[in-house]
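S.K.: sequence and computational prediction follow.
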Amino acid sequence: MTDKKNTFNYIMIGVISLIIFRFILTGALPLLDKTEARYAEIARIMQETGEWVVLQIDYAVPFWAKPPLSTWLSAASFELFGVNELTARLPSFLLGLAMLIILGYFVKKTKVSPFIPALVLVTTPEFLIHMGVVSTDSALCFSVLLIMLSFWKAISTEKKSIWNYLFFVGLGLGFLAKGPLVLVLTGPPVFLWLLLDRRSFFSNLNKLPWVVGILITILIALPWYLLTEQRSPGFIDYFIVGEHFNRFLKPGWSGDLYGKPKSQPLGLIWAFMLVFALPWFYIVIAKLVHLKKRIIEDKYVVFLLLWLFWTPIFFTISKNILHTYILPSTIPMALLIAHWWPEYKHKRKALIACAVFPVLVFLIAVGAIFTDQWKTYMNSDKLLIEKTEVLNLKQNPPILYYRTKSYSSQFYNKGNVIEAEEPAKIDSILKLYDKLYILSSKKRMKDFPEEHIGNLQQIDTTYKTGLFLYTNK
């Protein structure tokens, strides 16, 4: 009994410590290019301009690639607490914390501690990383969690409760988080699970209030889609057809307006599962090998397994994938571990294995405290933008970014960044100012117009970008 109590205390302290540590990192690290800084800049522009319907990737330039939920949350955070890294990431951190609390509540009537699913998640690399990253994936993961847990709660009892309606709230939020993809990630596992008991198929379906529920989903999601198409014609075609079909089914899709699509080897999603969901995914696999045919006897386990494996199965056929796509699978993985935990014989080994990644991150963070050199190796222009603020120029001229400007430079300089590549445009800009800061990657700076090189003074540099002061002599 004492050993169990000590284990519980260790797990509780470990979970709380990791949550606090993750919160500290949320405000300590600069926003990273390209993806994270991009979403933070979109939210900053939304908060600054007051345009809460059409997302903008730059002033007056619409961003059609994603729905607004995560952007709304970051922009609201800016409105309430000011604009910085912590407030940009705060919604993602709070969504992660909410998921830990919901899973703890979900398992509280079982023999397992509510801290077990939390332990699994905060020691899983993919979840720990996303618990404090500006992205659309945390909002999607929360929506999927709400849909799947609400479905299970609804079909597990004859009495109607708030869970019956939260299923449709989750769908509405999912459409605002990532679009129709939420149906792809939740519909097939739910349908396949219902087919396992065909006699109860329709009775289980009827436990959900479909008429009222669909109206709830429509009221949550549809107004934004209609308003955005009205204000920015062409959005729906690009977002529905381009982002939900061409992106996943056409390798090297050329219609991407916001970057180059990733073309990865088929099946790479499983490598992501093995790396970013360790060690718990390995434990699930080992448990499945051990249980074999007995798995089908437990409907709850089957439900969680369908939920867990469907996402990587779906993305197996896509070459345009990122490791972030496995995030929704971490939730059923945590619930499976919690379900098997009381009888699991290798708890000590599992606890040691799961500590490896968080301890490694902690040691790196502690090492960074004693030196500022790590900042120069971060994929962010924050350090250089701060240098321009120290060496303040009169008239507050924009920073000139030679070639393509970074999103982190836009964010940290409040959008006061312009880009130029053609010599004529560079000349016209430089003539307007006595002094001007120029940012450029070190490689591209070799191509800078020779007639202006003599007027440049290097101020500072990171591992890939240089900051220069141009003086018009």
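M.R.: On my side now, so go ahead.

S.K.: need the pLDDT of residue 262.
M.R.: We have a pLDDT of 60 for residue 262.

S.K.: all strands of the stretch 1-150 of the chain, in order?
M.R.: 56-58, 61-62 (DSSP state E, counting those that start in this stretch).

S.K.: which secondary structure element contains residue 466?
M.R.: strand 465-471 (DSSP states H and E).

S.K.: now that strand: buried residues?
M.R.: 465-470 (16 or more other CB atoms under 10 Å). Where C-beta positions appear, they are placed from N, C-alpha and C, glycine not excepted.

S.K.: go on, stretch 268-283?
M.R.: Buried-residue list, stretch 268-283, by 16+ other CB under 10 Å: 268-269, 272-273, 276-281, 283.

S.K.: got a list of what the residue nearest to residue 470 when sequence neighbours are not counted touches?
M.R.: Using CB to CB, 6 or more residues apart in numbering and skipping the chain neighbours, the partner closest in space to residue 470 is residue 436 (4.6 Å). Taking CB atoms under 8 Å, 6 or more residues apart in numbering, we find residue 436 in contact with 393, 397, 399-400, 429-430, 469-470, 472.

S.K.: residues touching residue 158, list them.
M.R.: residue 207.

S.K.: helix, strand or coil for it?
M.R.: coil (DSSP: H, G, I helix; E, B strand; the rest coil).

S.K.: distance of it relative to residue 214?
M.R.: To residue 214, residue 158 is 22 Å away according to CB to CB, to the nearest Å.

S.K.: residue 327 now?
M.R.: In terms of CB to CB, residue 327 sits 27 Å off from residue 214.

S.K.: so between the two, which is more surrounded?
M.R.: Taking other CB atoms under 10 Å, residue 327 and residue 214 do not tie; residue 327 has more neighbours (23 against 14).

S.K.: give me phi/psi at that one?
M.R.: Main-chain dihedrals, residue 327, degrees, to the nearest 10: phi -50, psi -50.

S.K.: thought residue 129 was touching it, still the case?
M.R.: No. Residue 327 lies out of contact with residue 129 (CB atoms under 8 Å); the separation is 9.1 Å.

S.K.: excluding covalently adjacent residues, which one is nearest to residue 448?
M.R.: Residue 448 sits nearest to residue 402 (CB to CB, 6+ apart), 6.1 Å away.

S.K.: what does residue 279 give?
M.R.: residue 353 (4.0 Å).

S.K.: which secondary structure element contains the one you found?
M.R.: Going by DSSP H and E, residue 353 is part of helix 347-354.

S.K.: what of residue 457?
M.R.: strand 456-461.

S.K.: what's the angle from that strand to strand 465-471?
M.R.: 150 degrees (axes from the mean of the first three to the mean of the last three CA atoms, to 10 degrees).

S.K.: strand 456-461: partners in the sheet, and parallel or antiparallel?
M.R.: strand 465-471 (antiparallel) (DSSP bridges).

S.K.: now what about the strand it pairs with, what contacts it?
M.R.: For strand 465-471, using CB under 8 Å, 6+ apart, the contacting residues are 381, 384, 387-388, 391, 400, 406, 430, 433-442, 445, 452, 455-461.

S.K.: where helices are concerned, which of these count?
M.R.: 384, 387-388, 430, 442, 445, 452 (DSSP state H).

S.K.: are any of those residues buried, and which?
M.R.: 384, 387-388, 430, 445, 452.

S.K.: now do the helix ranked longest in the chain, average pLDDT.
M.R.: Ordering each helix of the chain by length in residues (DSSP H) puts helix 2-28 first. Helix 2-28 carries an average pLDDT of 86.

S.K.: what of stretch 125-142?
M.R.: 95.

S.K.: and the helices in the stretch 151-300 of the chain?
M.R.: 162-177, 181-195, 201-205, 210-231, 235-236, 247-249, 268-276, 280-291, 299-315 (DSSP state H, counting those that start in this stretch).

S.K.: so which bits of stretch 374-394 are buried?
M.R.: 378-385, 387-388.

S.K.: format the CA atom coordinates belonging to that stretch as CSV.
M.R.: C-alpha atoms of stretch 374-394 as CSV (Å, rounded to 0.1, in the frame of the first residue of the first chain):
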residue,chain,number,x,y,z
TRP,A,374,21.9,29.3,-27.9
LYS,A,375,19.8,32.3,-29.1
THR,A,376,22.0,32.6,-32.2
TYR,A,377,21.1,29.0,-33.2
MET,A,378,17.3,29.4,-32.9
ASN,A,379,15.4,29.7,-36.1
SER,A,380,14.1,33.1,-35.3
ASP,A,381,15.0,36.8,-36.0
LYS,A,382,14.0,38.0,-32.5
LEU,A,383,17.6,38.5,-31.4
LEU,A,384,18.4,40.8,-34.4
ILE,A,385,15.1,42.7,-34.1
GLU,A,386,16.0,43.4,-30.5
LYS,A,387,19.3,44.8,-31.6
THR,A,388,17.6,47.3,-33.9
GLU,A,389,15.5,48.5,-30.9
VAL,A,390,18.6,49.1,-28.9
LEU,A,391,20.3,51.0,-31.7
ASN,A,392,17.1,53.0,-32.4
LEU,A,393,17.0,55.1,-35.6
LYS,A,394,15.1,58.3,-36.0
